[in-house]
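Visitor: Following is a predicted model, sequence given first.
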Amino acid sequence: MTRRLDISDLTKAFGAAPPVLGPLSLTLDGEGITAIIGRSGSGKSTFLRCLSGLETPTRGTAMLGGKPIRPAEVGFVFQEPRLMPWLSVRRNIAFGLSHLPKPERARAVEAAMALVGLSAAADYLPKQLSGGMAQRVALARALAPRPDLLLLDEPLSALDPLTRERMQDHILHVAQHIRVTILLITHDMDEALALANRVIVLRGPPGRIVLDVTIPEHDPAYAFPRDRTSAAFQAMRRRLIDALEPAPVALAR
Ligand SMILES: Nc1ncnc2c1ncn2[C@@H]1O[C@H](COP(=O)(O)OP(=O)(O)OP(=O)(O)O)[C@@H](O)[C@H]1O
């Protein structure tokens with residue numbers, strides 16, 4: 001079992017400016033992927049950054065298993081891989097594990113590489129990698145310390161469409177094979193619906209939850225891999241679009 005994530009009245013303001021996020025409350029109890037969608041500026045990245053410790057919330061709490069989240073419990077993948085160009089794939093992944101005894105570190109790195117299909121590329125340097133492979137290294141690096149919470153901030157948005165679909169399969173594979181709670185920011189509704197068992201729509205600023213849908217996983221219409229052309233998928237997509245768009249304003253005559 002994963003530990004329960006309890007977010008309560010989380011609010012973030014930068015300086016004296018009005019809040020850009022919250023108050024936002026949410027409970028995640030279990031594994032799988034929760035997708036977060038919202039227009040640009042709705043506070044998605046700020047939300048994940050507050051959970052990871054990269055930003056300090058102005059108000060509110062984020063607890064994992066009843067205790068404040070510790071940065072060591074969180075893995076983060078950004079839009080760009082942010083690899084160290086002088087280190088091999090293996091050593092990039094091992095970088096944050098220096099506290100572990102050597103054999104344990106090696107095991108963690110090998111397991112993370114195997115999970116994302118990188119074992120054969122262990123000795124490559126970042127300049128030898130395609131964009132998709134580099135992002136898989138970033139994913140493996142985030143997973144190697146076995147985080148409870150994996151935060152993915154638009155990790156696929158810089159990839160070409162084919163590579164992107166393959167990466168979606170890798171993320172789904174991770175979600176199905178290890179115990180981790182995943183929060184995924186994406187602008188792509190099809191991606192959210194292809195991967196997630198819950199989708200949260202933020203609207204803002206300040207970013208607030210305007211829709212929170214649990215995908216009925218046991219409904220055969222939503223079995224993985226999901227059929228993106230099915231009526232159920234398209235109906236859910238319509239719901240998300242409606243939540244993203246503010247209600248039309250009646251035109252004054
Ligand atoms: N360090 C900062 N200082 C001041 N304002 C900030 C800072 N970081 C974010 N903001 C503001 O907070 C608001 C929300 O930004 P955020 O990046 O969280 O939105 P987002 O939904 O992730 O957008 P996008 O989809 O474009 O990445 C924006 O108005 C942004 O300008």
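Guide: Everything's here; your move. Numbers count the residues shown, from 1 in each chain.

Visitor: In the stretch 101-250 of the chain, which residue sits nearest the ligand?
Guide: Of the stretch 101-250 of the chain, the residue with the smallest distance to the ligand, taken as CB to the nearest ligand atom, is Pro205 at 5.4 Å. The C-beta positions use only the backbone N, C-alpha and C, and glycine is treated the same way.

Visitor: Tell me where the chain has strands.
Guide: Taking DSSP state E as the test, the strands found in the chain are 5-12, 21-28, 32-38, 59-64, 67-68, 74-77, 149-153, 181-185, 198-203, 208-214.

Visitor: that older thread, grab the nearest non-local neighbour of the residue of the stretch 101-250 of the chain closest to the ligand.
Guide: Val20 (4.5 Å; CB to CB, 6 or more residues apart in numbering).

Visitor: quick one on the thing from earlier: the residue of the stretch 101-250 of the chain closest to the ligand touches Ser42, doesn't it?
Guide: Yes - contact criterion CB atoms under 8 Å: Pro205 and Ser42 qualify, at 6.8 Å.

Visitor: Tell me which stretches of this structure form helices.
Guide: Taking DSSP state H, the helices of the chain run over residues 44-52, 89-94, 102-115, 131-143, 161-177, 189-195, 231-244.

Visitor: for the shortest one, which positions count as buried?
Guide: Taking 16 or more other CB atoms under 10 Å as the neighbour-count basis, helix 89-94 is seen to contain the buried residues Val89, Arg90, Asn92, Ile93, Ala94.

Visitor: Now do it: which elements does it pack against?
Guide: With contacts defined as 3 or more CB pairs under 8 Å, 6 or more residues apart in numbering; DSSP states H and E, the packing partners of helix 89-94 are helix 102-115, helix 131-143.

Visitor: so can I have a markdown table of the strands of the chain showing distance to Leu159?
Guide: Written out in a markdown table, the entries for those read as follows (distance: least, CB to CB, whole Å):
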| stretch | distance to Leu159 |
| --- | --- |
| strand 5-12 | 28 |
| strand 21-28 | 26 |
| strand 32-38 | 17 |
| strand 59-64 | 29 |
| strand 67-68 | 34 |
| strand 74-77 | 12 |
| strand 149-153 | 13 |
| strand 181-185 | 14 |
| strand 198-203 | 21 |
| strand 208-214 | 26 |
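
Visitor: Much appreciated, bye for now.
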